[in-house]
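Asks: Curious how this folds, go ahead:
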Amino acid sequence: MRRTPIEDHGIVGDMRTSALVGMEGSIDWLCYPHFDSPSVFGALLDPERGGHFRIAPRHDVGRHKQWYWPDTNVLVTRFLCNEGMGELFDFMPISSRDEARSSLVRQLHVVRGKLRFEVDCQPRFDYGRAGHETEIGEHGAIFRSDACNLALATPASLERSGPGVRSEVVLEEGESVAFVLQGLEGEQLCEPWADPERVEWLFEATVDYWRSWLSSCTYTGRWREQVRRSALVLKLLTYEPTGAIVAAPTTSLPESIGGARNWDYRYTWIRDAAFTLYGLLRIGFTEEAARFMEWIEARCHELEEGNSLRIAYGIDGRHHLPEETLDHLEGYRGSRPVRIGNDAYEQLQLDTTGALLDSVYLFNKYGTAISYGFWTELRRLIDWIEENWQRDDEGIWEVRSGRRPFVYSKVMCWVAVDRALRLAEKRSFPADRRRWEALRDRIYEDVMEHGWDAKRETFVQAYDGEHLDASSLIMPLVFFVSPNDPRMLSTLDAIQRSPREGGLMESGLVYRYVPEAIDDEIEGREGSFNMCTFWLVEALTRAGHVDRPRLDRARLLFEQMLSYSNHLGLYAEQTGPCGEALGNFPQAFTHLALISAAYNLDRALG
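Replies: So this is what the prediction gives:
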């Protein structure tokens, strides 16, 4: 198995789980039945032990194209061979909300000539830890394990190949064959799900679903295709049964090759999801915002006295995400350890409440008015902020080397109180306004005194520190400071200097902090942070309302950043030193930041 780079993948899904499909026709990542379930195909983390489902021409000359069927999440891989041309359609039909089983359809079609394809389906259940039995029958094969049962339905002839199955399929111009992977319950047998008429109906229904959903998009400005693709990605990362939004559908894709910065992102971070809700609201998707608000409200009702929200939850709302390592997997390009679960759920991150209150305020303004019951829970969160905002925490970057007084965390505490006051005023909700106003002012002045370095004339990462942090770029975006405040402008200028000059930007790409600023005792350096580059674009955009050169700079950086997506318009968390994708993929936060930057930049240019 060739090790396919992160950026050479597309994603398909049904809002329960998702699969990553490489440009050479191999499914290298699929967790089943849900985003955070154990993997069935995990070649992305270990080509030998992880499992894969590969369909490719026997004499593959290495010429491929991959694109999405317009306005959908249906992925097409085209093989350009000496003998002809073939196409592989990958999609996951959208089930009803109550239907538990997901299915993956792979439809192979020859456009010209006559081609021989090799099909190799090698599932490895429970991250490759669980064995399984393989049964081959009239309509395909069944893989039975203690973890789950899967059926591969196809009219093609299958034969055993180790613990999996393989097939050779010869198709002439105009001919096609389908392979349908679906979950089974108990002793259920494989059925003829790959019937041509049924597969065609599923394709048309899936295309109709995505186009119907995307028709609600209200964005009509510049970079429309990139914004709509990002919206489709965010929708894919929504867990339909609960409305939760996963940060990314993968685990342990490294922030540095060979390093240990490998985390599991298949959960719902309150911060990420709250900002994602903002992005969806901005371009007209109010239903998704409403579902997520229901999920958030449920978490608020679970609060114990004197506690705040956790920073992350399972997509089903569970509170505990214990971390463990999978030492039998080699990791992406040898980057160990491979982790499942995420111990960051136990961290203290003071900014989470601010992100939540900001999203609730926007939802109340642009979506639906919140209930009094929800308001009473939000008041409890403000009480918690009053008692805890001065504490040190692990911060937005989830450091594991000890708590510090991070400036971003204090700013977002201010946001929490400010948005609560705005909600109370807008809805005439009962609140101790004088006490809250005093608290808001106290936090603000504290940040300005301890979070500002008068010598360097920049906001810094932590109180009374000296290092820059890209999270400062959020200040004008949440209205903590004016985008043209001299302190903000000097911080913008400092961030845009190269790391050699003490800045955070290199060739138009922004790092989240100076590597020496946080000694988190974790091996390996990281790439530039895609989300932070989009934050810079938006901060420059807002400053550019009265300073045209900054607006021109914002457009230049934004359009340059668009070129760092992969061939499908997808972004991982980071961009590496050679332009490669690093970190979990695709990342919701990056696509949200793209939408927000495009929305505000287009409006400013207009």
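Asks: low-scoring stretches of the stretch 51-200 of the chain, by residue?
Replies: Confidence mapping of the stretch 51-200 of the chain against pLDDT under 70 gives the ranges 96-100.
Asks: remind me which residues of the protein are low pLDDT?
Replies: Counting by pLDDT under 70, the chain has low-confidence residues at 1, 96-100, 516-524.
Asks: per-domain residue ranges of it.
Replies: Recorded structural domains for the chain (assignment: automatic domain parsing) are 6-209, 223-605.
Asks: Show me what the longest helix along the chain packs onto, helices and strands only.
Replies: Longest helix in the chain, counting residues (DSSP state H): helix 407-427. Counting contacts by 3 or more Cβ pairs under 8 Å, 6 or more residues apart in numbering; DSSP states H and E, helix 407-427 packs against helix 351-366, helix 372-388, helix 433-450, helix 474-477. For the C-beta atoms, the positions are set from N, CA and C on the backbone; glycine is no exception.
Asks: want to throw the ones you listed into CSV with distance to Arg400 and mean neighbour count?
Replies: Converted to CSV, these look like this (distance: least, Cβ to Cβ, whole Å; neighbours: other Cβ atoms under 10 Å):
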stretch, distance to Arg400, mean neighbour count
helix 351-366, 17, 23
helix 372-388, 20, 17
helix 433-450, 24, 15
helix 474-477, 22, 23
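Asks: I'd like the ones you listed as TSV, with distance to Ala462 appended.
Replies: Shown next, in TSV, are the helices and strands packed on helix 407-427 (distance: least, Cβ to Cβ, whole Å):
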stretch	distance to Ala462
helix 351-366	13
helix 372-388	17
helix 433-450	9
helix 474-477	15
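Asks: residues near the closest residue to Gly42 other than its chain neighbours, how many?
Replies: For Gly42, the nearest residue in space outside its immediate sequence neighbours is Gly50; the separation is 3.1 Å by Cβ to Cβ, 6 or more residues apart in numbering. Here the neighbour count serves as a burial measure; for Gly50 (other Cβ atoms under 10 Å) it reads 24.
Asks: list the contacts for Gly50?
Replies: Asp28, Ser39, Phe41, Gly42, Ala43, Leu44, Arg124, Tyr127, Gly128, Leu329 (Cβ atoms under 8 Å, 6 or more residues apart in numbering).
Asks: can you tell me the helix or strand for it?
Replies: Gly50 belongs to no helix or strand when assigned by DSSP states H and E.
Asks: Distance of it relative to Gly131?
Replies: When distances are taken as Cβ to Cβ, to the nearest Å, Gly50 and Gly131 turn out to be 15 Å apart.
Asks: Same question for Tyr444.
Replies: As judged by Cβ to Cβ, Tyr444 and Gly131 stand 59 Å apart.
Asks: again, but for Arg456
Replies: Distance of Arg456 to Gly131, given as Cβ to Cβ: 59 Å.
Asks: Which residue of these two possesses the greater neighbour count?
Replies: It is Arg456, of Arg456 and Gly131, that has more neighbours when counted by other Cβ under 10 Å, with 15 against 12.
Asks: Hmm, that one is touching Gly465, no?
Replies: No. Using Cβ atoms under 8 Å, Arg456 is not in contact with Gly465, being 10.2 Å away.
Asks: Mind naming the longest strand for this protein?
Replies: Determined from DSSP state E, the single longest strand within the chain is strand 103-122.
Asks: continuing past that strand, what's the next helix or strand?
Replies: On the C-terminal side of strand 103-122, the closest following helix or strand by DSSP H and E is helix 125-128.
Asks: just how off-centre is that next one within its chain?
Replies: Taking Cα atoms, centre = their mean, to the nearest Å, one finds helix 125-128 lying 23 Å from the centre of the chain it belongs to.
Asks: just stretch 146-162 next, same as before
Replies: Counting by Cα atoms, centre = their mean, stretch 146-162 comes out at 30 Å from the chain centroid.
Asks: and if you look at stretch 135-146?
Replies: For stretch 135-146, the gap between its own C-alpha mean and the chain's C-alpha mean amounts to 33 Å (Cα atoms, centre = their mean).
Asks: who touches it?
Replies: Contacts of stretch 135-146 (Cβ under 8 Å, 6+ apart): 121, 123, 125-126, 130-134, 149-155, 158-160, 164-165, 179, 184, 189-194.
Asks: Quick check: buried residues in it?
Replies: Within stretch 135-146, the residues that qualify as buried are His139, Gly140, Ala141, Ile142, Phe143, Arg144, Ser145, counting by 16 or more other Cβ atoms under 10 Å.
Asks: Is the fourth one bridged to anything, and to what?
Replies: The reference is to Ile142. For Ile142, the beta-bridge partners are Glu135, Ala151 (DSSP bridges).
Asks: what's downstream of whichever strand or helix holds Trp201, the next helix or strand?
Replies: Per DSSP H and E, Trp201 falls inside helix 196-214. Read in the C-terminal direction, the helix or strand following helix 196-214 is helix 224-236, with elements assigned using DSSP H and E.
Asks: nearest spatial neighbour of Gly284, skipping sequence neighbours?
Replies: With Cβ to Cβ, 6+ apart, the residue lying closest to Gly284 is Thr218, at 3.5 Å.
Asks: count of residues packed around the one you found?
Replies: When neighbours are defined as other Cβ under 10 Å, Thr218 has 8 of them.
Asks: now do Asp208
Replies: For Asp208, the count of nearby residues is 12 (other Cβ under 10 Å).
Asks: Please apply the same query to Arg3.
Replies: Burial of Arg3, expressed as a neighbour count using other Cβ under 10 Å, amounts to 14.
Asks: if we can go back for a sec, distance to Glu288 and neighbour count for the contacts of Gly50 - can I get that in TSV?
Replies: Written out in TSV, the entries for the contacts of Gly50 read as follows (distance: Cβ to Cβ, whole Å; neighbours: other Cβ atoms under 10 Å):
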residue	distance to Glu288	neighbour count
Asp28	28	27
Ser39	26	28
Phe41	28	26
Gly42	29	28
Ala43	31	27
Leu44	27	28
Arg124	33	27
Tyr127	30	23
Gly128	34	23
Leu329	34	23
